[in-house]
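**Q** predicted structure and sequence below. I'll ask about it afterward.
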Amino acid sequence: MERVDEFFSTARERYLIKMKRESDHPAPWTTDSAFRHWRFCNVHREDDRTTIWFRENIRSKVKKKHLLQATLIFRWFNRISTGETLKDLILGEWKPEEARSRLDGAKHIVTGAYMIRSPEGLSKLDGVIHCINLALPQLEEVSNGWGENLEEAWKSLLPLYGLGPFMCYEIVSDLRWTPLLNKATDIMTWANAGPGCARGLGRVISNDRRLFDRHKNQVEMLDLMRKLLLMSQDNMFWPSTWPKWEMREVEHWSCEFEKWCAAKDGRKLKRRFA
């Protein structure tokens, strides 16, 4: 693994930045040029701003039988301002026309973090609402029998119109912390490698971001992610006093590591650090 030391050293640096910010340590919180100039997610997805908002305002408040529906609706938009606007509809009865009315004319309704493609001929707003409306009647059947396996839950979401492997994994990652999936037996053994993760894992192995094809090499990447998770339990790579990693952290940081490598290579990233 050519760059495994950097994989973990960048993760440690990102976590130190988080701790310094939370302790009101004066900026700058790092000397690393990539972290100083560009925006990176936290090592643990649960520490990211949008996930914190969703956890505190939706996930922890909605009834168990509506957890999947609420998660799907929010993550399809994945924007805090939209969540604030639609909060009562997400927690209660979903009313598509009311949602459309509230969001009509809004400059931004979805995040730039996910690739949200509207069906042909529909605006972004109408497209997302259309996809939600198609999915909701199928959710009870889709989630029947959930509880023991993240991968099977992920697979059951894939046929829903408008969702792809990446977004299905984001939804499952949220529900891992709820009664629907918090007893899954593969939390420490399975993850779905998205496109950014695939590039990051290629960097770890041989600094070749094109080494893995996310469609063809999931088995090989899963084996590598399991090895990295085992390494995260070594105090040399990740302090034992810090929150431990699960497979989600390996997948998540692989994506961020690719971004860090790209920044070091002189490429511009999507969002500057503010």
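**A** Nice, thanks for sending it over. Numbers count the residues shown, from 1 in each chain.
**Q** where do the helices sit along the stretch 1-150 of the chain?
**A** Using DSSP state H, counting those that start in this stretch, the helices found in the stretch 1-150 of the chain span residues 4-22, 33-37, 49-54, 67-77, 80-91, 96-103, 124-135, 139-142, 150-157.
**Q** verify the stated contact: Cys168 with Gly162.
**A** No: at 10.7 Å, Cys168 does not count as touching Gly162 under the criterion of Cβ atoms under 8 Å. In short, each C-beta sits where N, CA and C put it, glycine included.
**Q** out of these two, which sits in the busier spot?
**A** Cys168 (21 against 17; other Cβ atoms under 10 Å).
**Q** secondary structure element holding that one?
**A** Using DSSP states H and E, Cys168 sits in helix 165-175.
**Q** what's that helix in contact with?
**A** 45, 51, 54, 59, 67-68, 71-72, 75-76, 78, 114-115, 150, 153-154, 157-158, 160, 163, 181, 191-192, 194-195, 248, 251 (Cβ atoms under 8 Å, 6 or more residues apart in numbering).
**Q** so which bits of the very next helix or strand once past it are buried?
**A** For helix 165-175, the following helix or strand on the C-terminal side (DSSP H and E) is helix 195-206. Residues of helix 195-206 classed as buried: 195-205 (neighbour count, 16 or more other Cβ atoms under 10 Å).
**Q** same question for stretch 53-63.
**A** Quick answer for stretch 53-63 (16+ other Cβ under 10 Å): 53-54, 57-59, 62.
**Q** and if you look at stretch 70-89?
**A** 70-80, 82-83, 85-86, 89.
**Q** and of the residues you listed, the nearest to Asp104?
**A** When the buried residues of stretch 70-89 are compared for distance to Asp104 (Cβ to Cβ), Thr85 comes out closest, at 10.9 Å.
**Q** just the mean pLDDT for stretch 183-194, thanks.
**A** The average of the pLDDT scores along stretch 183-194 is 96.
**Q** next: stretch 254-271.
**A** On average, stretch 254-271 scores 93.
**Q** export it to CSV, keeping only CA atoms.
**A** Output of stretch 254-271 as CSV, limited to C-alpha atoms (Å, rounded to 0.1, in the frame of the first residue of the first chain):
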residue,chain,number,x,y,z
SER,A,254,-11.2,7.2,1.0
CYS,A,255,-13.3,9.7,-0.9
GLU,A,256,-11.9,12.6,1.1
PHE,A,257,-8.3,11.3,0.7
GLU,A,258,-8.8,11.4,-3.1
LYS,A,259,-9.9,15.0,-2.8
TRP,A,260,-6.8,15.8,-0.7
CYS,A,261,-4.5,14.1,-3.2
ALA,A,262,-6.2,16.1,-6.0
ALA,A,263,-5.6,19.3,-4.2
LYS,A,264,-2.0,18.4,-3.6
ASP,A,265,-1.7,17.7,-7.4
GLY,A,266,-2.8,21.3,-8.0
ARG,A,267,-6.4,20.6,-9.0
LYS,A,268,-9.2,22.9,-7.9
LEU,A,269,-11.9,21.3,-5.7
LYS,A,270,-15.6,22.2,-5.6
ARG,A,271,-15.8,24.2,-2.4
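**Q** please consider this matter closed, and thank you.
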